[in-house]
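Asker: Next one to model:
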Amino acid sequence: MVPIVLSTITARYSHCAFGLRYLRANLGKWREQTLIKEFHLKQIPLMIAENILQENPQIVGLSVYIWNVNEITEVVQIIKRVSPQTIIIIGGPEVSYEYEDMPVFHEADYLICGEGELVFPFLVENIMSGEVPKQKVWEGNIDTLNSLTLPYDEYSAEDIEHRIIYVESSRGCPFHCEFCLSAIKPGVRFFDRERFLNEMKKLIQRGAKNFTFVDRTFNIHEEHALEIIQFFLNYAKENMRIHFEIVPDKLSNKILEEFKKFPEGVLHLEVGLQTVNVKTQELISRRQNIEKTYKVLRFLKEQTGAQIHADLVAGMPAETWESFRDGFNFLIELAPQEIQLGILKRLRGACISRHISSYQMAFAPFPPYEILQTNTLSFEQLQKLKKMARYLELYYNQGNFPQSLGLLWKTGNTPFDAFSSFSDYIWEQTGKTHELSLATLAHLLFSYLLSKPYFPSNVVEETIRNDYAHKPGRTEKLNLMKRP
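Answerer: Model prediction:
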């Protein structure tokens, strides 16, 4: 038996629940009597509830996100029916705003909105002392981040060996992009760098190799970013992975020069382009210099060994098929290693809701609350973009067909037009966006390219076969003349 269980459901096993480790680290005298139990989306809520209840906890703390709210709701409902005396405390971004109509809120005993590291121990202390608070909703605000106990000792040896290690050197964002929850409370707070880097050194000494910074705008403060970059350069090895989320048009020349020093493939950069539509940028209060963004991304691609992940988001106000097409072509020309075509989601509390009426924005009423249509993008167009996003993941992001895609881009007026037509063909042939084997993907691309009067069949076949064989370990023979 443990008095307190902290739990959540992550998207996959490799994702550690960073917030739970913060909560446990800051629980003071209750820390040693608190157990973290993590689950992932492939596990059944009934089995998750059973696993938690096996500990016979007095308090269960659960982190709720847009991707797990349905599953967490089921877990809470099961626990309260089997063990109604168990106190349930929920928190997380999905229940920090507009929570009044949510079933999980009504089932839970307490809700913490915002940062929970300090208010959660207060609630625990009161509950354990028998002074059960009547107030249900608690606001979590932290004046200074240096008042927190850092959570990095909470990572286990298994975490370090097999999972992503999430870290943060700052919280908040200076920008006001209305699709993002960071716009609600703008401003950036920094952790003490010496203290933070000492924790990073300890993690590296324990064998940590896979660091993902969750800072919303890592490069917003040059001195801060440079010191952290130089620290990791001192330890960088070929088997490491350091991930930063950057604002490209705010990258200084000093930072760009430091990025050049990382070994090939160690540095991973997430770049949120989101849109090249100037009107959309104005509507969502996004400040972005597209020309500077282009130059910086070109520099990163050509002069560093960084792996670049770039995002576009479909469905924002005033975004059209044509302007989304421009964004796609913009990125294909730059050729980052990954391009994510995202569909706008209505995050609870996000300011973008103010455009719902004027742009006739219809969102799905269930998680993840994706946009269904606007007055500038139809339902059919957005559904098509969702299919294109999935097929781009299979063909482009997974790196399976680098040479063959060079042929595909030439089959349309622009790469977007070419991939749009190819996506229609895949859907017509298979009716699937998932469960497509590599051999099936190769055959689909082969048969599509052969249907176009651009390339000799021997060139198409040779190119696809070279792509198919370029990754080590593939032993299955590819018969392009026979449909798999």
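Asker: So for stretch 347-361, first residue to last residue, what's the gap.
Answerer: End-to-end distance for stretch 347-361: 14 Å, by CA to CA, to the nearest Å.
Asker: Show me the contact partners of that stretch.
Answerer: Stretch 347-361 is contacted from outside by 66, 93-99, 176, 178-181, 183-184, 283-285, 315-318, 344, 346, 363, 369, 371, 373-376, using CB atoms under 8 Å, 6 or more residues apart in numbering. Bear in mind the C-beta positions are built from the backbone N, C-alpha and C, glycine included.
Asker: Please spell out which residues along it are buried.
Answerer: Leu347, Arg348, Gly349, Ala350, Cys351, Ile352, Ser353, His355, Tyr359, Met361 (16 or more other CB atoms under 10 Å).
Asker: So Gln288 versus Val278, what's the distance?
Answerer: Distance of Gln288 to Val278, given as CB to CB, to the nearest Å: 9 Å.
Asker: Which one's more surrounded, those two?
Answerer: Gln288 (19 against 12; other CB atoms under 10 Å).
Asker: Quick check: phi and psi on that one?
Answerer: Dihedral pair for Gln288: phi -150, psi 130, per degrees, to the nearest 10.
Asker: Please verify my assumption that it contacts Asp249.
Answerer: Yes: with contacts counted by CB atoms under 8 Å, Gln288 reaches Asp249, the gap being 6.0 Å.
Asker: Where does Glu194 sit, in terms of helix or strand?
Answerer: For Glu194, the host element (DSSP states H and E) is helix 193-205.
Asker: That helix - contacts with which helices or strands?
Answerer: strand 165-167, helix 222-235 (3 or more CB pairs under 8 Å, 6 or more residues apart in numbering; DSSP states H and E).
Asker: now, of these, which is deepest in the fold?
Answerer: Each of those was scored by mean neighbour count; the highest is strand 165-167, a mean of 22, by mean count of other CB atoms under 10 Å.
Asker: after it comes which helix or strand?
Answerer: That would be, after strand 165-167 and using DSSP H and E, strand 170-173.
Asker: Now the element after that next one, going C-ward?
Answerer: strand 187-190.
Asker: what angle do the helix holding Glu194 and helix 222-235 make?
Answerer: If you take axes from the mean of the first three to the mean of the last three CA atoms, to 10 degrees, helix 193-205 sits at 20 degrees to helix 222-235.
Asker: Run through who's touching helix 193-205.
Answerer: For helix 193-205, contacts defined as CB under 8 Å, 6+ apart pick out 146, 150, 152-153, 155, 160, 165, 167, 169, 211, 224, 227-228, 231-232, 235.
Asker: Kindly report the same for stretch 244-257.
Answerer: Stretch 244-257 has contacts (CB under 8 Å, 6+ apart) with 175, 213-220, 222, 225-226, 229, 267-273, 288-290, 292-293, 296-297, 299-300, 303-304.
Asker: Would you mind giving me the ChimeraX syntax to select the buried ones in those residues?
Answerer: A single ChimeraX command selects the buried members of the contacts of stretch 244-257 (16+ other CB under 10 Å):
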select :175,213,215,216,217,218,219,220,225,226,229,267,268,269,270,271,272,273,288,290,293,296,297,299,300,304
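Asker: Just the ones in strands from the contacts of stretch 244-257, please.
Answerer: Here DSSP state E is the test, and the contacts of stretch 244-257 give Phe213, Leu267, His268, Leu269, Glu270, Val271, Gly272, Leu273 as lying in strands.
Asker: Can you tell me which of those lies closest to Arg206?
Answerer: Nearest to Arg206, judged by CB to CB, of the ones in strands among the contacts of stretch 244-257 is Phe213 at 18.1 Å.
Asker: Can you name the residues that contact that closest one?
Answerer: Counting by CB under 8 Å, 6+ apart, Phe213 touches Tyr166, Val167, Glu168, Ser169, Ile242, His243, Phe244, Glu245.
Asker: Got the confidence number for the third one?
Answerer: Glu168 is assigned a pLDDT of 97 by the prediction.
Asker: Tell me how many other residues surround it.
Answerer: Per other CB under 10 Å, the neighbour tally for Glu168 reads 19.
Asker: quick one: it from Arg21, how far?
Answerer: Distance from Glu168 to Arg21, by CB to CB: 11 Å.
Asker: buried stuff in the longest helix anywhere in the chain?
Answerer: Longest helix in the chain by number of residues (criterion: DSSP state H): helix 415-430. Of the residues in helix 415-430, Pro415, Phe416, Ala418, Phe419, Ser420, Phe422, Ser423, Tyr425, Ile426, Trp427 count as buried by neighbour count, 16+ other CB under 10 Å.
Asker: Now flag whichever of those is closest to Val82.
Answerer: Taking CB to CB as the measure, Val82 sits nearest to Trp427 out of these, at 44.3 Å.
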